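> Just to be clear, the model below is a prediction. Sequence and coordinates:
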Amino acid sequence: TGGAWVLGLFGRYRGTVRRTGLMWVNPLSRRRRVDVRLRHWRSEPMQAVDTNGVALRIVVLVAWRVKDTARAVLGVEDHEQYLRECVEAALSRVVSRLPADVSPSALVKDATLRNTEAVGESLTRLVAADTAPVGLEVFSAQPTRIEYAPEVAAVMQRRRIAALDAQHRDTVLASVVDSVEDTVTRLTMRGLVELDDYERKALVKDLTVAFCTGRREGSP
């Protein structure tokens, strides 16, 4: 159960035995056992490069089975090795189309390798198409871990922190400018102060410094 025998006689394919029990087989025939159960294969970390040239290491989990025993045994020397090579080739094609991470200012947040559902669908489709000619049926090929290669991990972490810090500074500056503008507008519209251009610029400068200092002291 769960296995099959591929029979050959004098170099010709003579059929596949899938049923259990006793049966007579020509003693001159060559018999090769094939596992036809649903199987899972977890890859070792495979190297890949995203669309920006960043080196990555990715682990893929593949659910598959042998559908056509004749093609799997006779069509290729080692169908398991063939499957692994197809996964590696398909992974390089999928990863090279997308960046590993999205920049903070990007409008499209899903067009990255962090969207593992979309990446898995594309990878499954490619692997299934590549392995079908040798009798393999691939149900899913999902990335279970996507990380930076050790040689670039520290650099990418510093870059991400710098990008987040710049985004935070832009947000704080925009908030301070809005607060200063609102304060000056209220003071002048209510007639509390009368300012010429020089005095207005000086007040804006003092308020900006005060608001920035207050936000910096109040931040954790």
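That came through, no problem. Numbers count the residues shown, from 1 in each chain.
> Make sure residue 6 is actually in contact with residue 31.
Yes. Residue 6 is within contact range of residue 31, at 7.3 Å (criterion: C-beta atoms under 8 Å). (Each C-beta comes from the backbone N, C-alpha and C, glycine too.)
> how close does residue 70 sit to residue 138?
Residue 70 is 18 Å from residue 138, where distance means C-beta to C-beta, to the nearest Å.
> what do you get for residue 176?
Using C-beta to C-beta, residue 176 is found at 55 Å from residue 138.
> who's more crowded, those two?
Set side by side, residue 176 and residue 138 show more neighbours around residue 138, with 24 against 18, by other C-beta atoms under 10 Å.
> so which strand or helix has the more buried one?
Following DSSP states H and E, the helix or strand that holds residue 138 is strand 136-148.
> if we look at that strand, which residues are touching it?
38, 42, 45, 54-67, 72, 79, 82-83, 87, 90-91, 100, 113-114, 116, 119-120, 123-124, 127-128, 131, 153, 156 (C-beta atoms under 8 Å, 6 or more residues apart in numbering).
> roughly how far out does that strand sit from the chain middle?
Centroid separation between strand 136-148 and its chain, computed with C-alpha atoms, centre = their mean, to the nearest Å, is 10 Å.
> Can I get that strand in PDB? Just the C-alpha atoms.
Below are the C-alpha coordinates for strand 136-148, written out as PDB (Å, rounded to 0.1, in the frame of the first residue of the first chain):
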ATOM      1  CA  LEU A 136       4.900  14.400 -10.900                       C
ATOM      2  CA  GLU A 137       1.900  16.200  -9.400                       C
ATOM      3  CA  VAL A 138       2.800  19.300  -7.200                       C
ATOM      4  CA  PHE A 139       0.000  20.500  -4.900                       C
ATOM      5  CA  SER A 140       1.800  23.400  -3.300                       C
ATOM      6  CA  ALA A 141       5.300  24.900  -3.000                       C
ATOM      7  CA  GLN A 142       5.300  27.500  -0.200                       C
ATOM      8  CA  PRO A 143       8.200  29.500   1.100                       C
ATOM      9  CA  THR A 144       8.400  28.900   4.900                       C
ATOM     10  CA  ARG A 145      11.300  31.300   5.600                       C
ATOM     11  CA  ILE A 146      12.700  34.200   3.700                       C
ATOM     12  CA  GLU A 147      15.700  36.000   5.200                       C
ATOM     13  CA  TYR A 148      18.700  38.000   4.200                       C
END
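> who does that strand pair up with?
strand 55-66 (antiparallel) (DSSP bridges).
> Buried residues of the strand it pairs with, list them for me.
Residues of strand 55-66 classed as buried by neighbour count (16 or more other C-beta atoms under 10 Å): 55, 56, 57, 58, 60, 62, 64, 66.
> Make TSV out of those and add pLDDT and distance to residue 208.
Formatted as TSV, the buried residues of strand 55-66 follow (pLDDT from 0 to 100; distance: C-beta to C-beta, whole Å):
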residue	pLDDT	distance to residue 208
55	85	43
56	87	43
57	89	46
58	90	47
60	94	52
62	95	58
64	94	62
66	91	71
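> For residue 181, state which of those residues is nearest.
residue 56 (45.0 Å; C-beta to C-beta).
> Give me the distance between that closest one and residue 46.
Distance from residue 56 to residue 46, by C-beta to C-beta: 9 Å.
> What lies in contact with stretch 120-135?
60, 62, 64, 66-72, 75-76, 79, 82-83, 86-87, 89-91, 93-94, 137-143.
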